[in-house]
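Enquirer: pasted the sequence and its predicted model underneath.
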Amino acid sequence: MKKILIRVLFVSVLLSGGLFVSPVWAQEGDNFDDYTVGVNDVLRITILQPDAYDTVVAVSPDGSITFPYIGSLRVKDLTIKEVKEKIEHNLADGYLRYPVVHVVLQESRSRMYIVYGEVMRPGTYPIGENSTVLSAISMAGGFSKFGSSSRVKVLRSREDGRPGYETIKVNIKAVMDGDSDADVLLRPGDMVVISEGAF
């Protein structure tokens, strides 16, 4: 009974457009060691020893960051763990003795999806570890008063590299009724489209 009540409350808030989730998904304590770094991502880099140092850097369009003692360092397409190891290796190469470095993904700006159409806050949002169509609609504030839960689809770039999009229809009603398999896990570049209902 309690689970049903919670689900009903969640669905009613979602449909009314009253649900808001912050678009900054990299929170303190999250583990993104396997996250692949891309252009515009924001990293917090801390030297723990021998001397404490802390800085926040953004990955430049050429895929590199600038760091004291090292200068320019290419990090695009490396995991967070690999970035940490690369910085430690470069620091130890004649600059610092036994450096210990901690690297955290502070904000993902390279992996985004778009929510378009009849939602409260259409726009571009960062992909989290489990971003789905339902969570994307929630992130965008829920359906507008004209939005239809039966007219939701994902436009995804073709895997064969040809121009155009693959269309994936999503049964949001089934998802909100508890069928998690009906939800779709989003990929970078996906566009979630919510169309106006037929009145």
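Expert: Perfect, I can see it now.

Enquirer: list the buried residues of stretch 185-194.
Expert: Buried residues in stretch 185-194, counted by 16 or more other C-beta atoms under 10 Å: 186, 190-194. No exception for glycine: its C-beta is placed from N, CA and C like everyone else's.

Enquirer: before we move on, what about stretch 74-94?
Expert: Result for stretch 74-94 [16+ other C-beta under 10 Å]: buried residues 75-76, 78-80, 82-84, 86-88, 90-91.

Enquirer: check stretch 142-154 too.
Expert: Neighbour-count burial for stretch 142-154 flags 142-144, 147-149, 151-154 (criterion: 16+ other C-beta under 10 Å).

Enquirer: tell me which of the residues you listed is nearest to D177?
Expert: D177 has its nearest neighbour among the buried residues of stretch 142-154 in S149, at 10.8 Å by C-beta to C-beta.

Enquirer: and that closest one, how far from L155?
Expert: Per C-beta to C-beta, to the nearest Å, S149 is found 18 Å from L155.

Enquirer: what ranges do the helices span in this protein?
Expert: 2-16, 80-92, 133-139, 172-176 (DSSP state H).

Enquirer: so what secondary structure elements neighbour the shortest one?
Expert: The criterion is 3 or more C-beta pairs under 8 Å, 6 or more residues apart in numbering; DSSP states H and E, and the helices and strands that helix 172-176 contacts are helix 2-16, helix 133-139, strand 147-157.

Enquirer: which stretch in the ones you listed has the least confidence?
Expert: Mean pLDDT is lowest for helix 2-16 among the helices and strands packed on helix 172-176, at a mean of 39.

Enquirer: give the contact list for A136.
Expert: When contacts are counted by C-beta atoms under 8 Å, 6 or more residues apart in numbering, A136 is found next to 113, 115, 125, 186, 192.

Enquirer: tell me the domain boundaries of this protein?
Expert: Taking automatic domain parsing as the reference, the chain has its domains at 2-24+111-196, 42-107.

Enquirer: out of the ones you listed, flag the one nearest F32.
Expert: Closest to F32 of these, according to C-beta to C-beta: domain 42-107, at 4.4 Å.

Enquirer: what about that closest one, start to end distance?
Expert: Start to finish, the residues bounding domain 42-107 are 5 Å apart (C-alpha to C-alpha, to the nearest Å).

Enquirer: average model confidence for it?
Expert: For domain 42-107, the mean confidence score works out to 92.

Enquirer: run the chain-centre distance for it.
Expert: Distance, stretch centre to chain centre, for domain 42-107: 22 Å (C-alpha atoms, centre = their mean, to the nearest Å).
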